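> I would like the atomic coordinates for the input below:
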Amino acid sequence: MSETLHTIGADGRRTRAEDARGGTGGPGTPPAPPATTPPWRRLARRWPTILGTWLLVLVAALVAGLLWPPSYQATASMTVSPSAVNPLTGASGTEEVEMQTEMATMASQRITTRAAALLQDVPVEDADPALAQELVEQLETAAPDDTQVLRVTVTAGDPNQAAERANALAEAYLADRAEDVRTTADDTLKRIDESIAGLERSDDDAYSLRQLREQRTALALISPTPGRVISEATPPEQPSSAGLLLFLAGGLAGGLLLGALAGALRERADHTVRRPDRLAEVTGTPVVVLRSEDDADGALELLRRLAQDQGRAVPRPGSRIAVHSARPGQAAVVVNALDEVLTSWGGSIELVGADTLAETVGPMAGPDWPEFDDAPPALLAAVVPPRAGVAELAALADRVDGVVLAVEPRGDRRRFGSLFARLAGRGAAVVPAFVAQRQARTEPAPAHAAQD
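As a prediction, this is how the structure comes out:
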């Protein structure tokens, strides 16, 4: 207990009056508004939630990295030539290939079925449809801009399988295009043969007949090229899937982000008081922290707050205060703490009922402290039960000198804020008190009153 509280005599009583009033002489100054706690600091106080979430995500990432099967990618590249045959020259045209169409063709069921037949070494009609569908799911196609190069990439769990399937798809695609070229050439030859037969029957245009025969000869001799493989797929040496280090990095970053989010949600959803700063947020006024019934500094601060206005009489003889809490234990802690301080000053505290407290006449003098320097401090206190309603507390606040609203860390912050808002601004000074001790060691009793 501080030296001030143990001082005896007139000087001690004068110091006591100044301490309780908040300064030397004159009225005490009103408490400053509570400092706003930065959001990052409120979030940091949720470090158990943040740390727990971070560790959970990190462990999940580690397990996923260890169990995630590796995957390998192999790519085959080929050039794509126009498949249209010029009926005049019998050669492939020089027009550009529509690569988006060729990419879609590569990923079609027709090409994957042909590739499955190549992998199984069976005719196309006997190819396994399940393997063809698996190839559709495994392949990716790409075409660099302004080129006629087509790339097919296969992702598989085995590097050799990935390369084998990529090469089979490339071979199947080029074989399919070669069939299209041959079909186009055969259709052109058929039309030329029909034209030649018609001219031979009429024998009217020898020049046109000679031209058609030359075209047919040229077309029959050429073999248009649908494209060629320029880079075969080879088995990759390293997996392309995310490795353990990448999983851990993702777990570290993702866990921190999810932990911060979980902490923010926990802070927002938590309606308990937990800390004095959270209580100050709902009351808009500084909160007196009373750690235990032996906390003399907290009790002295409580007396200062009760006497913050010029007209307050606490703790002059006959001062009346009401103590209310959602749990009886917190109110008892407040009364015991005030009792210990007043006893050290040579004063006393007397417990009375709420009805008696409301009917008692207040201090017998004006508000000036010097008139009471030689009088021991005394309080009449009533512990208002938790079941008391707001209307009852409001009526009592109009008849007493001070009201102490005590709450424990697990108290309901919203209920406390609503109650404080209903009582603040009435006749009595309403002081919020954050009581860390859940239960008083002994129930308060009017022992000093009995001694008198």
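
> and Ser292, helix, strand or coil?
Recorded secondary structure, Ser292: coil (DSSP: H, G, I helix; E, B strand; the rest coil).

> how many other residues sit next to it?
Other residues near Ser292 come to 14 when the count uses other CB atoms under 10 Å. Every C-beta, even on glycine, is put in place using the N, C-alpha and C of the backbone.

> Run through the residues that contact it.
Applying CB atoms under 8 Å, 6 or more residues apart in numbering, we find Ser292 in contact with Val333, Ala337, Ala436, Gln437.

> Need phi/psi at it.
Backbone torsions for Ser292, taken as degrees, to the nearest 10, come to phi -160, psi 180.

> Thr343 versus that one, what's the distance?
16 Å (CB to CB, to the nearest Å).

> same deal with Ala428?
Ala428 is 24 Å from Thr343, by CB to CB.

> pretty sure Leu139 contacts Thr112?
Yes: using CB atoms under 8 Å, Leu139 is in contact with Thr112, at 7.5 Å.

> out of the two, which sits in the more crowded spot?
Using other CB under 10 Å as the criterion, Leu139 and Thr112 rank with Thr112 on top: 27 against 19.

> I'd like the next helix or strand past the helix or strand containing Thr217.
Using DSSP states H and E, the element containing Thr217 is helix 206-221. Helices and strands here follow DSSP H and E; after helix 206-221, the next one along the chain is strand 227-231.

> Neighbouring strands - and their directions - for that next one?
strand 72-80 (antiparallel) (DSSP bridges).

> Could you tell me how far the strand it pairs with lies from the centre of the chain?
42 Å (CA atoms, centre = their mean, to the nearest Å).

> Stretch 209-217 now?
With CA atoms, centre = their mean, you get 77 Å for stretch 209-217.

> how about the closest residue in space to Tyr72 that isn't next to it in sequence, what does it touch?
In space, Tyr72 comes closest to Pro159 once its chain neighbours are excluded; the distance is 4.2 Å by CB to CB, 6 or more residues apart in numbering. Pro159 makes contact with Tyr72, Ala74, Pro235, Pro236, Glu237, according to CB under 8 Å, 6+ apart.

> secondary structure class for the fourth one?
Using three-state DSSP as the criterion, the local structure at Pro236 reads coil.

> circling back: which one of the contacts of Pro159 sits closest to Asp270?
Asp270 lies nearest to Tyr72 out of those, by CB to CB, at 48.5 Å.

> what bridges to Arg228?
Taking DSSP bridges as the rule, Arg228 bridges to Thr79.

> my read: it touches Arg177, true?
No: with contact defined as CB under 8 Å, Arg228 does not reach Arg177; the gap is 10.7 Å.

> the more surrounded of the two?
Higher neighbour count among Arg228 and Arg177: Arg177, with 23 against 11, using other CB under 10 Å.

> sorry, back to before: what sits in contact with each of Leu139 and Thr112?
Common contacts of Leu139 and Thr112 (CB under 8 Å, 6+ apart): Leu169.

> ok so, going back, and the helix holding Thr217, how far from the chain's centre?
The answer for helix 206-221 is 77 Å, by CA atoms, centre = their mean.

> other SSEs contacting that helix?
When contacts are defined as 3 or more CB pairs under 8 Å, 6 or more residues apart in numbering; DSSP states H and E, helix 206-221 packs onto helix 159-202.

> Next, the angle from the helix it packs on to strand 227-231.
If you take axes from the mean of the first three to the mean of the last three CA atoms, to 10 degrees, helix 159-202 sits at 160 degrees to strand 227-231.

> Show me where the stretch 151-300 of the chain dips below the pLDDT cut-off.
203-205, 218-224 (pLDDT under 70).

> My understanding was that Leu380 contacts Leu357; is that so?
Yes: at 5.9 Å, Leu380 counts as touching Leu357 under the criterion of CB under 8 Å.

> on that earlier part again, flag every buried residue along the helix holding Thr217.
Within helix 206-221, the residues scored as buried using 16 or more other CB atoms under 10 Å are Leu209, Leu212, Gln215, Arg216, Leu219.

> what separates the first one from Ser195, distance-wise?
Computed as CB to CB, the Leu209 to Ser195 distance reads 9 Å.

> And what about Leu380, helix, strand or coil?
Assignment for Leu380 (three-state DSSP): strand.

> burial of it, as a residue count?
Leu380 has 23 nearby residues by other CB under 10 Å.

> Kindly state the pLDDT recorded for it?
Note for Leu380: predicted pLDDT of 85.

> quick one, what contacts it?
Gly318, Ser319, Arg320, Ile321, Ile349, Glu350, Val352, Leu357, Thr360.

> Next, give me the two most distant ones among those residues.
Ile349 and Thr360 (13.8 Å).

> who has more neighbours, those two?
Ranked by neighbour count (other CB under 10 Å), Ile349 and Thr360 place Ile349 first, with 25 against 14.

> Mind checking what secondary structure that one has?
Following three-state DSSP, we place Ile349 in the strand state.

> Show the contacting residues for it.
Counting by CB under 8 Å, 6+ apart, Ile349 touches Val335, Leu338, Asp339, Leu342, Ala378, Leu379, Leu380, Ala381, Pro444, His448.

> Next: Ala156.
Applying CB under 8 Å, 6+ apart, we find Ala156 in contact with Ser71, Tyr72, Ala74, Gln138, Ala162, Arg165.

> circling back to that earlier point, would you list the buried entries among the contacts of Ser292?
Neighbour-count burial (16+ other CB under 10 Å) applied to those gives Val333, Ala337, Gln437.

> Can you list the residue ranges for helices in the stretch 251-400 of the chain?
276-283, 296-306, 328-344, 354-359, 390-397 (DSSP state H, counting those that start in this stretch).

> I'd like to know which elements the third one is packed against.
When you say that, I think you mean helix 328-344. helix 3-6, strand 288-290, helix 296-306, strand 319-325, strand 348-351, strand 378-384, strand 402-407, strand 429-435.

> Would you point out which residue is most central in the chain?
Leu261 (2.2 Å; CA atoms, centre = their mean).

> In contact with that one: list those residues for me.
With CB under 8 Å, 6+ apart, Leu261 has no contacts at all.
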